[in-house]
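> Got a sequence here, can you model it:
(one chain, ligands or ions: 1)
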Amino acid sequence: MLELKHIKKIYNPGTISETLLFEDFNLTVPDGEFVSIVGSNGSGKTSMLNIICGSIPIQKGEVLIGGKDIAKMKDFQRYRTIGRVYQDPSAGTCPNLTMLENMSLADNKGKPFGLGRGVNKARENFYKEQLSILGLGLENKMNVKLGALSGGQRQAATLIMATLTPIEFLILDEHTAALDPKTADIIMELTNKVVQEKHLTAMMVTHNLRYAVEYGSRLIMMDKGHIVLDKAGEEKVNTKVDDILDIFTKISIECGN
Ligand SMILES: Nc1ncnc2c1ncn2[C@@H]1O[C@H](COP(=O)(O)OP(=O)(O)OP(=O)(O)O)[C@@H](O)[C@H]1O
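Numbering: from 1, shown residues only. Next comes the predicted model:
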């Protein structure tokens, strides 16, 4: 379970460019939930993800993962707890290393010895088995450098790497935004498959309202640091793109997007 409690976030406090983003922000995500997050530009989606990851400071409040305060965790403990896939397919992986080497790095995330441990055959077979979940044949590209793969193939591989170790939850930060529409659809479908098969708790920021409606068990819309819509269960299942488009258009116009 993830709990954001009474979060206060001010950017550049005490300066002329001081910006209050979150005054008293609260969110609880139970285990196993797949949350889609939409919102206008600047509504605070990425900031919220960064706060969850502990990568930006907050002025007040608590971020609890499984009841533990992330502020009290060491960096390596946080890395082991959270998997993250970014918008840029090249982020989070090493283009000059092979698939096998990248998988090994991901496998050793948060452990004291990186590649130095080497990769035994059993581990390599495990990586291949994980990659085969995707159905893209990437398990046959263990010696190919990641930089030689297409953006879609890299994003698919990143998805597996982010979820290779037992994580508390997966963060998807506009992870289909840099892909062409067809590849984006494939990655979104694969994402759903990985989340279901690995029984993950996931939070996905997307600008694609169709994905937000079609995928996930909960839909959240943000505006100016507030949650303005939160639908789960039956309500989420019955939500159509047109239902949220009206609200989205209104907040986007107000923001001048
Ligand atoms: N490093 C920073 N310094 C100052 N202000 C920032 C910083 N990062 C974000 N902000 C401000 O915080 C607000 C929320 O930004 P954030 O990137 O979290 O929004 P977002 O909903 O993810 O937007 P987008 O959809 O454009 O990615 C914006 O007003 C932004 O200008």
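
> helices or strands up against whatever helix or strand residue 159 lives in?
Taking DSSP states H and E as the criterion, residue 159 maps to helix 151-162. When contacts are defined as 3 or more Cβ pairs under 8 Å, 6 or more residues apart in numbering; DSSP states H and E, helix 151-162 sits against strand 82-85, helix 99-107, helix 121-132, helix 181-197. Bear in mind the C-beta positions are built from the backbone N, C-alpha and C, glycine included.

> Of those, which stretch is the most buried?
Highest mean neighbour count among the helices and strands packed on helix 151-162 (mean count of other Cβ atoms under 10 Å): strand 82-85, with a mean of 24.

> who does that strand pair up with?
Using DSSP bridges, the strands paired with strand 82-85 are strand 169-173 (parallel).

> burial of the residue nearest to residue 136 when sequence neighbours are not counted, as a residue count?
Closest residue to residue 136 apart from its sequence neighbours, by Cβ to Cβ, 6 or more residues apart in numbering: residue 156 at 5.7 Å. By the criterion of other Cβ atoms under 10 Å, residue 156 has 26 neighbours.

> How about the contacts made by residue 156?
Contact analysis of residue 156 by Cβ atoms under 8 Å, 6 or more residues apart in numbering lists 134, 136, 138, 186-187, 190.

> Please identify the residues of the protein in proximity to the ligand?
11-12, 19, 21, 39, 41-47 (Cβ under 6 Å from any ligand atom).

> now with 8 Å?
11-12, 17, 19, 21, 39-50, 56, 174, 205, 207, 222, 225 (Cβ under 8 Å from any ligand atom).

> just so I have it, where are all the strands in this structure?
For the chain, applying DSSP state E gives strands covering 2-11, 19-29, 34-39, 60-65, 68-69, 82-85, 169-173, 202-205, 218-223, 226-232.

> give me every residue that touches the nearest residue to residue 157 once chain neighbours are set aside.
Nearest residue to residue 157 in three dimensions, chain neighbours excluded: residue 138, at 5.7 Å (Cβ to Cβ, 6+ apart). Shown in contact with residue 138 (Cβ under 8 Å, 6+ apart): 99, 131-132, 149, 153, 156-157, 160.

> nearest to the ligand, of the residues you listed?
residue 156 (22.8 Å; Cβ to the nearest ligand atom).

> Distance check, that closest one against residue 150.
Using Cβ to Cβ, to the nearest Å, one obtains 9 Å as the distance from residue 156 to residue 150.

> Same question for residue 10.
Residue 10 is 41 Å from residue 150, by Cβ to Cβ.
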